[in-house]
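Novice: Sequence isn't available, so here's the structure alone:
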């Protein structure tokens, strides 16, 4: 599973306001120059991302991780890890948000692989009131 964690500023207007200007005569040149300035400002405010590859050996752990991701408890747990006092101090008074992303396709592929491994190893799956054994 690939876990992507990204911290972002909540508001960019204050950084852009009053810092973008052009004295070009032609409208297209003026717009292009303003766009480049805005792009540079926004890139300088990039707080970055962390990408983690997580391997699961147990289907129950993978499913628990996915449930925590879906219900938001993974995000809440990661806030305490990634939104540190030093990060808060670095961004000053501006609000930041944490974005956590796990692709459902990664989860489903990992789940299928773990299920295949379980079946190949002769493990049992509980289905309803029956035990299914391969």
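Specialist: Cool, the structure landed. Quick caveat, the model's predicted, so the values are computed rather than measured.

Novice: tally of neighbours for the nearest residue to residue 63 once chain neighbours are set aside?
Specialist: Distances taken as CB to CB, 6 or more residues apart in numbering place residue 111 nearest to residue 63, at 7.4 Å, with adjacent residues excluded. No exception for glycine: its C-beta is placed from N, CA and C like everyone else's. When counting by other CB atoms under 10 Å, one arrives at 16 neighbours for residue 111.

Novice: what does the one 4 residues further on give?
Specialist: The local packing count at residue 115 equals 14, with neighbours defined by other CB under 10 Å.

Novice: Which helix or strand contains it?
Specialist: Here residue 115, judged by DSSP states H and E, is contained in helix 104-120.

Novice: got the contact list for that helix?
Specialist: 1, 2, 56, 57, 58, 59, 62, 63, 66, 125, 134 (CB atoms under 8 Å, 6 or more residues apart in numbering).

Novice: Can you tell me who residue 100 pairs with across the strands?
Specialist: Beta bridges link residue 100 to residue 5 when assigned by DSSP bridges.

Novice: quick one: it and residue 15, what's the gap?
Specialist: For residue 100, the distance to residue 15 (CB to CB, to the nearest Å) stands at 24 Å.

Novice: Same check on residue 111?
Specialist: Distance from residue 111 to residue 15, by CB to CB: 42 Å.

Novice: Determine which two of the contacts of helix 104-120 are furthest apart.
Specialist: Among the contacts of helix 104-120, the pair separated by the greatest distance (CB to CB) is 2 and 134, at 29.0 Å.

Novice: Many thanks, I have nothing further to ask.
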